[in-house]
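Q: no sequence for this one, just the structure:
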């Protein structure tokens, strides 16, 4: 089901709607063009403005640029994700920083006491839940931002998070949430999968 | 810290960047204009294209339009969130549907077996984690979509989720993640809080 014909959003113009959502697609295959650090930084410079609770910004982006880093990643991916990741121009681990609260006095300076709500081993559960949820919000913004830069994202949840965290984050601070391939899409996208209808999703009380 | 001067994203134009991220702000105060069902449906019709794992789309949006629904909500909010919510043109509960898997045969039809990975009481933990994470991604898209419609979002995590779920979702299927006020912003936004720098967030291996 789609919205009634003629219904549109304003003021975001149709070309931008298409770029970010309607025509954008998750990509499995990419052109060979490199994704530069300048592109990644420009994406981050845009989407870092997206809101998070207490402005906590727990998302961390680990770019796997070296051959060695890519080699360390692949065994932790599910088999179906390995070949496309090995061939992608850039792959990043998107992780939640469970020590986000150490930045709170800087990023939420008018309420410095909030750092203490998360500090210490007795709050590890709240810290982890807060980091995972808010980093997931930020991954939503980041996927939009990758598309805003004219690139496509291929986000993957098919990996062994415990194995990947042990390999890349042995100090236990970061939790891997998504592995994402990034590049200019190539080839033919698969047919778009069905979306739930408005009546499935929106309820009014 | 900002990106180097002159650095910009293409092809999303600057006005759209400003609308969605750079000039957009979390709002506490709103103009009196109503937010119509048509606006909410148009926002959903745009952002429902955002990707989720297995196309599972677990986000549910509960619009609190009646006086009674608003009255039932307010006691579950932290005190600082009550007055602004009582005054907002529209408030929605954004929730994760832990029975998202029942839709998988329809929305991920080429791999119908995946429903079984989540089915039954033995998989309640995976189901809940998947629903929460993917609904959070979708909340990221939704906040962008609210801004795309020329509105502002005031997302809040300051509420009692157990109390709210008991009040609104007694069958245990939905988990409230965020309560969001929606409307045309009014008044003066607070100074933007500091964002983490590129070097805090992006690491290269």
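A: Nice, thanks for sending it over. Values in this document were obtained by computation on a predicted structure and should not be read as measured data. Residues are numbered from 1 along each chain as shown, chains lettered A, B, ... in the order given.

Q: grab the nearest non-local neighbour of whichever residue of chain A sits closest to chain B.
A: Shortest chain A-to-chain B distance, computed as Cβ to the nearest Cβ: residue-wise this is residue A:140, at 1.9 Å. Where you see a C-beta, it was placed from the backbone N, CA and C, and this is true even at glycine. Of all residues not flanking residue A:140 in the chain, residue B:140 sits nearest, at 1.9 Å (Cβ to Cβ, 6 or more residues apart in numbering or on different chains).

Q: okay, and the one you found sits in which element?
A: helix B:124-148 (DSSP states H and E).

Q: who does whichever strand or helix holds residue A:16 touch, helix- and strand-wise?
A: For residue A:16, the host element (DSSP H and E) is helix A:14-17. Packing contacts for helix A:14-17, counted by 3 or more Cβ pairs under 8 Å, 6 or more residues apart in numbering or on different chains; DSSP states H and E, involve no helix or strand.

Q: please compute how far the helix holding residue B:140 lies from its chain's middle.
A: 7 Å (Cα atoms, centre = their mean, to the nearest Å).

Q: just the angle between it and helix A:124-148, please?
A: Helix B:124-148 runs at 50 degrees relative to helix A:124-148, counting by axes from the mean of the first three to the mean of the last three Cα atoms, to 10 degrees.

Q: for helix B:124-148, buried residues please.
A: B:127, B:130-148 (16 or more other Cβ atoms under 10 Å in any protein chain shown).

Q: ditto for stretch A:182-199
A: Going by neighbour count (16+ other Cβ under 10 Å), the buried part of stretch A:182-199 is A:182-185, A:193, A:195-196, A:198.

Q: TSV for the residues you listed, including pLDDT, distance to residue B:48 and secondary structure?
A: Formatted as TSV, these follow (pLDDT from 0 to 100; distance: Cβ to Cβ, whole Å; DSSP: H, G, I helix; E, B strand; the rest coil):
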residue	pLDDT	distance to residue B:48	secondary structure
A:182	98	23	strand
A:183	97	25	strand
A:184	95	25	coil
A:185	92	21	strand
A:193	95	11	coil
A:195	97	5	coil
A:196	97	7	coil
A:198	93	8	helix
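
Q: if we check chain B, which of the residues you listed are in contact?
A: Filtering the buried residues of stretch A:182-199 for proximity to chain B by Cβ under 8 Å from any Cβ of the partner chain leaves A:193, A:195-196, A:198.

Q: list just the nearest of those to residue B:33.
A: Each of those was checked against residue B:33 using Cβ to Cβ; the closest is residue A:198, at 21.7 Å.

Q: quick check: closest non-adjacent residue to the closest one.
A: Excluding the flanking residues, the one nearest residue A:198 by Cβ to Cβ, 6+ apart is residue B:41, at 5.2 Å.

Q: and what of residue A:145?
A: Closest to residue A:145 by Cβ to Cβ, 6+ apart is residue A:47, at 3.8 Å.

Q: what about that neighbour, how many residues nearby?
A: Using other Cβ atoms under 10 Å in any protein chain shown, residue A:47 has 26 neighbouring residues.

Q: can you give me the pLDDT of it?
A: Per-residue pLDDT puts residue A:47 at 97.

Q: surely it and residue A:139 touch.
A: No: the criterion here is Cβ atoms under 8 Å, and residue A:47 misses it with residue A:139 at 9.6 Å.

Q: show the pLDDT at the residue most central in space within chain A.
A: For chain A, the residue nearest the mean C-alpha position is residue A:139 (2.7 Å; Cα atoms, centre = their mean). Here, the pLDDT recorded for residue A:139 equals 98.

Q: same check on residue A:131?
A: We have a pLDDT of 98 for residue A:131.

Q: list the contacts for it?
A: By Cβ atoms under 8 Å, 6 or more residues apart in numbering or on different chains, the contact set of residue A:131 is A:56, A:58, A:96-98, A:100, A:175.

Q: quick one: which of those residues has the most company?
A: Among these, the one with the most neighbours (other Cβ under 10 Å) is residue A:58, at 30 neighbours.

Q: doesn't residue A:129 make contact with that one?
A: No: look at residue A:58 against residue A:129 with Cβ under 8 Å: they stay out of range, at 10.8 Å.

Q: now do the strands in chain A.
A: A:59-64, A:90-97, A:152-156, A:174-183, A:202-204 (DSSP state E).

Q: list the contacts for the closest residue to residue A:147 other than its chain neighbours?
A: Leaving out its chain neighbours, the residue that sits closest to residue A:147 by Cβ to Cβ, 6+ apart is residue A:24, at 4.6 Å. Counting by Cβ under 8 Å, 6+ apart, residue A:24 touches A:18, A:147, A:152, B:49.

Q: which of those residues are buried?
A: Buried among the contacts of residue A:24 (16+ other Cβ under 10 Å): A:147, A:152, B:49.

Q: measure the last one to chain A for me?
A: The reference is to residue B:49. Between residue B:49 and chain A the distance, using Cβ to the nearest Cβ, to the nearest Å, works out to 4 Å.

Q: and that residue, what does it touch?
A: Contact analysis of residue B:49 by Cβ under 8 Å, 6+ apart lists A:21-22, A:24, A:192, A:195.

Q: farthest-separated two in those residues?
A: By the measure Cβ to Cβ, A:24 and A:195 form the most distant pair in the contacts of residue B:49, at 13.3 Å.

Q: lovely, talk soon.
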